[in-house]
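[1] Provided below are the primary sequence and the corresponding predicted coordinates.
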Amino acid sequence: MKILARQLTLDLYNCDTNRLSSVDEIKDTLKSVVEKEPRLTSDFIDEGHCSIIAAFAEGHIALHVYKELRYVAVDIFTCTESEEPEELAKAIRKFFRPDKIKSTFLKRGDFGLEREIKPKIKVRVAPLRRVKNAGAKVVRKLGIRK
């Protein structure tokens, strides 16, 4: 069944704080990710929250950057068969360097069966974060205090 579009949403947790500060660097990254020159808009919602949208002929990328939370919400929408939202997501993940990622993939305009509408969700944790979490669990179990 042919679909009209794909949408990939990403929740990027514990991002590199140096990467969250500069809106211009984020815009440059979006320009390099999208093959054709996107129309970029950005707006500061408040002091710790910025919204950036890159619109292009085949879709758009929307980012909400929460500096204090070290969190970035990403929506990648593509409306052509040739455009792969996963490739765009890789470049965005590489830029922000999160410890944990939650991604949800949706097929938009899929006129197939209703049971096929459920989104696919994946959660990834960076290897270093796993080591830190395992060490913290061992310390709690043993009751070791500093």
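    Great, that's in hand.
[2] Correct me if wrong: Thr104 contacts Val123.
    No. In this structure Thr104 lies outside contact range of Val123 using C-beta atoms under 8 Å: 10.0 Å. To be clear about C-beta, it is placed using only N, CA and C from the backbone, and glycine gets the same treatment.
[3] what's the burial count for Glu84?
    For Glu84, the neighbour count with other C-beta atoms under 10 Å is 14.
[4] on that earlier part again, ok, Thr104 and Val123, which is more surrounded?
    Higher neighbour count among Thr104 and Val123: Thr104, with 14 against 9, using other C-beta under 10 Å.
[5] What segments of the protein are strands?
    With DSSP state E as the criterion, the chain has strands at 5-13, 39-46, 49-56, 59-66, 71-78, 100-108, 120-125.
[6] between the shortest one and strand 5-13, how big is the angle?
    Angle of strand 120-125 versus strand 5-13, following axes from the mean of the first three to the mean of the last three C-alpha atoms, to 10 degrees, is 30 degrees.
[7] For Arg70, which residues are in contact?
    By C-beta atoms under 8 Å, 6 or more residues apart in numbering, the contact set of Arg70 is Tyr13, Asn14, Cys15, Thr17, Leu20.
[8] Buried only: go through these for me.
    Tyr13, Asn14, Cys15, Leu20 (16 or more other C-beta atoms under 10 Å).
[9] Turn the contacts of Arg70 into a markdown table, columns for pLDDT.
    Conversion of the contacts of Arg70 to a markdown table gives the following (pLDDT from 0 to 100):
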| residue | pLDDT |
| --- | --- |
| Tyr13 | 94 |
| Asn14 | 92 |
| Cys15 | 91 |
| Thr17 | 86 |
| Leu20 | 85 |
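[10] can you list those residues in JSON lines and add distance to Glu87?
    Below are the contacts of Arg70 laid out as JSON lines (distance: C-beta to C-beta, whole Å):
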{"residue": "Tyr13", "distance to Glu87": "22"}
{"residue": "Asn14", "distance to Glu87": "23"}
{"residue": "Cys15", "distance to Glu87": "20"}
{"residue": "Thr17", "distance to Glu87": "26"}
{"residue": "Leu20", "distance to Glu87": "23"}
